[in-house]
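**Q** okay, here's the prediction I keep looking at, along with the sequence it came from:
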Amino acid sequence: MEEKRLEHPEERQDEKQEKKKQYPVTRRDFYGCVIILLIAVFLQGMQTRALIRREAQNMNNRCQNIESQMWNSISNIQDGIASSLAEADNPLQESSVEIVAANLKEKKVTLRMTAMPKEWKTGDTSLQFYLSCDGGEKIAVDAAAGADHSFTAEKETSSAAASPCS
């Protein structure tokens, strides 16, 4: 049988003191570790908040870019519809006005106007162009049909018409 050994209270105290010597942790050490741990948690929280703030700003910027692109697309569609409707209402395939000659001494300009209708009807041999300068009086100019089904007219204007005409 094994002998049970009775321990003396002094021996127990010696063992406790030996353990304390092996792993000495003071209150100061303990609270220092707690403070360091709290600081680490606080700094990690700050980094997390900064990351969340940065991601929120990036998402806001992306949403604004998407919204801007959407409005640009809508505007382009509206412009396309408006130009298509204007083109559909325009009976001319193409038209132009050019300055053929200019006499600065006499303050005279010769304009050549050309228009090609979208639809050519047999028997269409003449057309009238209307010129007005700065929204003033309209001047009718007769145009003759060409071999390519376009109408051309030339008009010499005086100094009163030297301003931009339409």
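**A** Right, received. Where do you want to start?
**Q** partner strands of the longest strand seen in the chain, parallel or antiparallel?
**A** If you go by DSSP state E, the chain has its longest strand at strand 92-103. Using DSSP bridges, strand 92-103 pairs in its sheet with strand 108-117 (antiparallel).
**Q** what distance separates the strand it pairs with from the centre of its chain?
**A** 40 Å (Cα atoms, centre = their mean, to the nearest Å).
**Q** which residues in the chain form strands?
**A** Under the criterion DSSP E, the chain contains strands at 92-103, 108-117, 126-132, 138-145, 151-157.
**Q** where among those is average confidence lowest?
**A** Ranked by mean pLDDT, these bottom out at strand 126-132, which scores a mean of 78.
**Q** for that strand, packing partners?
**A** strand 108-117, strand 138-145, strand 151-157 (3 or more Cβ pairs under 8 Å, 6 or more residues apart in numbering; DSSP states H and E). C-beta coordinates here come from the backbone N, C-alpha and C atoms, glycine included.
**Q** with distance to residue 51 and mean neighbour count added, can I get those strands in a markdown table?
**A** Compiled in a markdown table, the helices and strands packed on strand 126-132 are given as follows (distance: least, Cβ to Cβ, whole Å; neighbours: other Cβ atoms under 10 Å):
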| stretch | distance to residue 51 | mean neighbour count |
| --- | --- | --- |
| strand 108-117 | 65 | 17 |
| strand 138-145 | 70 | 13 |
| strand 151-157 | 70 | 18 |
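**Q** out of these, which is closest to residue 124?
**A** strand 138-145 (6.3 Å; Cβ to Cβ).
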